[in-house]
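**Q** 3D, please:
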Amino acid sequence: MKKPEIPINETERLKALSEYRILGTKPEENYNDITKIASLTCGTPIALLSLVDSNRQWFKAKVGIEAEETVRDWSFCAHAIHSSEPLIVEDALKDERFFDNPLVRGEPKIRLYAGFPLQNDKNLRIGTLCVIDREPHGLTDKQFSIMQSLSRQAVAFLELRKRSINLIESYCSLEDSGNIISTCSYCRKAKDTSGHWSHLDQYLSARTNLNFSHGICDTCIEEHFPDVLEVWEAEEKDKVLQNPTP
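**A** Below is the predicted model of the structure:
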C-alpha cells in the first residue's frame with residue numbers, strides 16, 4: 001500500500017480546514033443531501049463528504065457506511081487532495097497504490113473510488129466529495145459533471161458556515177450594535193454610518209457573527225441542477241414501478 005504524501009502546503013491547508021470549525025460537528029441536512037444526491041446520481045452504495053485532518057479523514061456526511069472516520073494512511077481522499085482534478089480509480093485491485101489497502105482487502109471492499117476535491121478560493125483542498133462502489137466501473141460524463149457541481153456546492157456551504165461564524169464573532173465584539181439597519185427597499189443593500197451602501201451579507205459580515213442555515217430550494221434545484229432533478233424523478237418512477245399501488 002502506498003501511503004499518501006503530505007502536501008507541501010499542509011500547514012495552510014489545515015489552517016483553512018480549522019477555520020470552518022466543522023470537524024466533529026453533528027450531521028446536517030444540507031451536507032447529507034449532497035451525499036444522497038451523489039449516491040443516487042452515480043448509482044453507488046457509498047458516498048462521503050470527507051475532510052482530511054492531520055492524521056485522519058472524518059466524514060461530515062455519509063451514505064452506506066457506519067464509520068465516522070478512518071486513519072489518514074488508508075485514505076483514498078488523502079491522495080485526491082494533491083490535485084485539483086478528480087481522482088478516479090475504476091478498480092482499486094488493479095491500482096498499485098491501493099490493491100493491498102485495508103479498505104480494499106476488507107470492508108467496505110472498495111473497487112470504484114471517485115473523489116472530487118473540495119477546494120477553496122486559495123486553491124487549498126480540505127477533503128473530497130467521493131462515491132465508492134464494491135464493483136469496478138467508471139463514471140459517465142453526466143455523472144462526472146454533476147459530481148463536480150456538487151463538490152462546488154459543498155464548498156459553498158462551508159464558506160457560508162465560515163462567514164456565519166465570523167458574523168457572530170463580529171456581532172458579539174460590538175460594544176454598541178444599535179437596533180436599526182438602514183436598507184434599500186429595492187435592492188436590499190444596507191447603508192453604513194459613512195453613507196456607503198453594500199450588500200446585506202457584506203454589511204453584516206463586517207459587523208456581526210450571526211449564524212445562518214442554508215439549503216437549496218426546489219426552484220434553484222430545477223434551475224441550477226436539472227440533471228439531479230432528472231435522477232430524482234427517475235428514482236421515484238422506479239419506486240412506483242417496483243411498488244405499484246394495489
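
**Q** who does the longest helix along the chain touch, helix- and strand-wise?
**A** Across the chain, the longest stretch assigned as helix under DSSP state H is helix 141-173. Contacts defined by 3 or more CB pairs under 8 Å, 6 or more residues apart in numbering; DSSP states H and E place helix 141-173 against helix 29-42, strand 112-119, strand 125-133, helix 200-207, helix 226-242. The way it works is simple: take the backbone N, C-alpha and C, and place the C-beta from them, glycine included.

**Q** between these, which gets the lowest average pLDDT?
**A** Ranked by mean pLDDT, these bottom out at helix 200-207, which scores a mean of 69.

**Q** Pull out the buried residues from stretch 189-197.
**A** Counting neighbours by 16 or more other CB atoms under 10 Å, one finds that the buried residues in stretch 189-197 are Ala190.

**Q** Where does the prediction get shaky in this structure?
**A** Under the criterion of pLDDT under 70, the regions of the chain flagged as low confidence span 168-169, 171-188, 200-201, 205-215, 240, 244-246.

**Q** mind running it again at 90?
**A** Low-confidence segments of the chain, defined by pLDDT under 90, span residues 1, 161, 163-246.

**Q** quick one: the residue positioned nearest the centre of the chain from Arg72, how far?
**A** Nearest to the mean C-alpha position of the chain, by CA atoms, centre = their mean, lies Ala154 at 3.1 Å. Ala154 sits 20 Å away from Arg72, taking CB to CB, to the nearest Å as the criterion.

**Q** Ala47 now?
**A** Computed as CB to CB, the Ala47 to Arg72 distance reads 20 Å.

**Q** I would like the residues contacting stretch 21-37, please.
**A** Under the criterion CB atoms under 8 Å, 6 or more residues apart in numbering, residues 17, 47-49, 51, 53, 58, 60-63, 129, 146, 150, 153-154, 157-158, 161-162, 165, 213-216, 225, 228, 231-232 lie in contact with stretch 21-37.

**Q** Need phi/psi at Leu49.
**A** The phi and psi torsions at Leu49 (degrees, to the nearest 10) take the values phi -100, psi 100.

**Q** count of neighbours near it?
**A** Taking other CB atoms under 10 Å as the neighbour definition, Leu49 ends up with a count of 27.

**Q** Next one: it from Asn30, what distance?
**A** Noted for Leu49: a distance of 10 Å to Asn30, by CB to CB.

**Q** ditto for Asp218
**A** Relative to Asn30, Asp218 is positioned 15 Å away (CB to CB).

**Q** Which one's more surrounded, the two?
**A** In this comparison of Asp218 against Asn30, neighbours counted by other CB under 10 Å, the higher total goes to Asn30 at 19 against 8.

**Q** Buried ones among the contacts of stretch 21-37?
**A** The buried subset of the contacts of stretch 21-37 - by 16+ other CB under 10 Å - is 17, 47-49, 51, 53, 58, 60-63, 129, 146, 150, 153-154, 157-158, 161-162, 165, 216, 225, 228, 231-232.

**Q** how near is Glu236 to Lys109?
**A** From Glu236 over to Lys109 the distance is 30 Å, taken as CB to CB.
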